[in-house]
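S.K.: pasting the sequence and the predicted coordinates here, then a few questions.
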Amino acid sequence: MEYRFTLARIVRAGPITTHAVLDEWAHGQITIPVPTLALSQITGLTQEELAGAVFEIMANTAAVADTDVDPHGWHLLPRDGENHLAAAQSWSAAAT
């Protein structure tokens, strides 16, 4: 297992399952499922607010299956036009 901080972008927020992509897992090409209710409770966001949100998270980036990514520590990045990738990279660098 290789847990590290990474960027998670919500690409679909459904009533049951939310799908996120992680830049550092599968090159952001495969979504990981997260229960919408659990993510809403963790982040305080509604289903509608989750759509398009960007988070800093801790995840197993060496996982071979989406079920082994184990995303946690969801930290919402602001939507005020800030470069999300740069913010996450600088935050990740500071954490290592």
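M.R.: Sure thing, it's come through.

S.K.: quick one, strands of this structure?
M.R.: Taking DSSP state E to define them, one finds strands in the chain at 3-13, 17-22, 32-35, 54-60, 72-76.

S.K.: out of the ones you listed, the one nearest D66 is which?
M.R.: Proximity to D66 (Cβ to Cβ) singles out strand 32-35 among the strands of the chain, at 4.6 Å. All C-beta spots, glycine's among them, are computed from the backbone N, C-alpha and C.

S.K.: and that closest one, what other elements does it pack with?
M.R.: If you count contacts as 3 or more Cβ pairs under 8 Å, 6 or more residues apart in numbering; DSSP states H and E, strand 32-35 packs onto strand 17-22.

S.K.: on that earlier part again, take the strands of the chain and write them to CSV, including mean neighbour count, distance to Q41 and mean pLDDT.
M.R.: CSV is the format used below for the strands of the chain (neighbours: other Cβ atoms under 10 Å; distance: least, Cβ to Cβ, whole Å; pLDDT from 0 to 100):
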stretch, mean neighbour count, distance to Q41, mean pLDDT
strand 3-13, 19, 14, 96
strand 17-22, 21, 12, 97
strand 32-35, 17, 9, 97
strand 54-60, 20, 14, 97
strand 72-76, 14, 10, 96
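
S.K.: and T43, which of those is closest to it?
M.R.: Closest among the strands of the chain, using Cβ to Cβ: strand 72-76, at 5.4 Å.

S.K.: given the closest one, what are its sheet partners and their directions?
M.R.: Strand pairing for strand 72-76, using DSSP bridges, gives strand 54-60 (antiparallel).
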